[in-house]
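okay, sequence plus prediction incoming.
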Amino acid sequence: MHTTFGAVPVGHVPTGPLRGRRGMNSTRPGLGVAVTPKCNPSSRHALRAVNDVVRTFVKRGVGSPPVVGVGTVTMATTGRRTGRLHEVPLAAARAGDTVVVSTVRPSSEWVRNLESSPKSTIWLNGYAHQARASVRRLPGLTVATLRVHRPAA
């Protein structure tokens, strides 16, 4: 026996594409309703508020990846249109002076900014370091490899 939730029976596994509220198609089986990938304005504000808190701690060295390992970094890029500084906390993998960050969102602004200008600043262990990035777009994943520049002693 199927009960209904809205217009879709609970327990029904759709097999074809579903039509979302904003016209987005979803072919993910097992979902009773289409999922719209865009955030509404209130969740964007909540995400920015969380990022502000995380960014503050990460810039102080909390959660920074060890010389070889994973952790969180804050990366600053220059806006490709405005020229303003943009900071974003990101999960990262580190091996010495190489830091790898990635995203599954193809339209991330920090990725577009790095593609426009590969110079960036990255915070590791509470200190800002200059870095140069190379961006590689793969199907469903974008990877940025940052080479940290150490000042000559």
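Nice, thanks for sending it over. Residues are numbered from 1 along each chain as shown.

element containing the closest residue to P118 other than its chain neighbours, please.
What sits nearest to P118 in space, not counting adjacent residues and going by C-beta to C-beta, 6 or more residues apart in numbering, is A133, at 4.6 Å. (Glycine included, C-beta is placed from N, CA and C.) Per DSSP states H and E: A133 is located in strand 127-138.

re the thing from before, tell me how many other residues crowd the residue nearest to P118.
22 (other C-beta atoms under 10 Å).

for it, what are its contacts?
Counting by C-beta atoms under 8 Å, 6 or more residues apart in numbering, A133 touches 114, 118-120, 144-147.

of the residues you listed, which is the nearest to A95?
Within the contacts of A133, the smallest distance to A95 is 10.3 Å, found for T145 (C-beta to C-beta).

any buried residues in whichever strand or helix holds the closest one, and which?
Taking DSSP H and E as the criterion, T145 maps to strand 141-148. By neighbour count on 16 or more other C-beta atoms under 10 Å, the buried set for strand 141-148 is 142, 144-146, 148.

if we can go back for a sec, now the residue nearest to P118: how far from A144?
According to C-beta to C-beta, to the nearest Å, A133 and A144 sit 5 Å apart.

overlap in contacts, the two.
L114.

quick one: contacts for the nearest residue to L124 once chain neighbours are set aside?
The shortest distance from L124 to any non-neighbouring residue, by C-beta to C-beta, 6+ apart, is to S64 (5.5 Å). By C-beta under 8 Å, 6+ apart, the residues touching S64 are 58, 71-73, 123-126.
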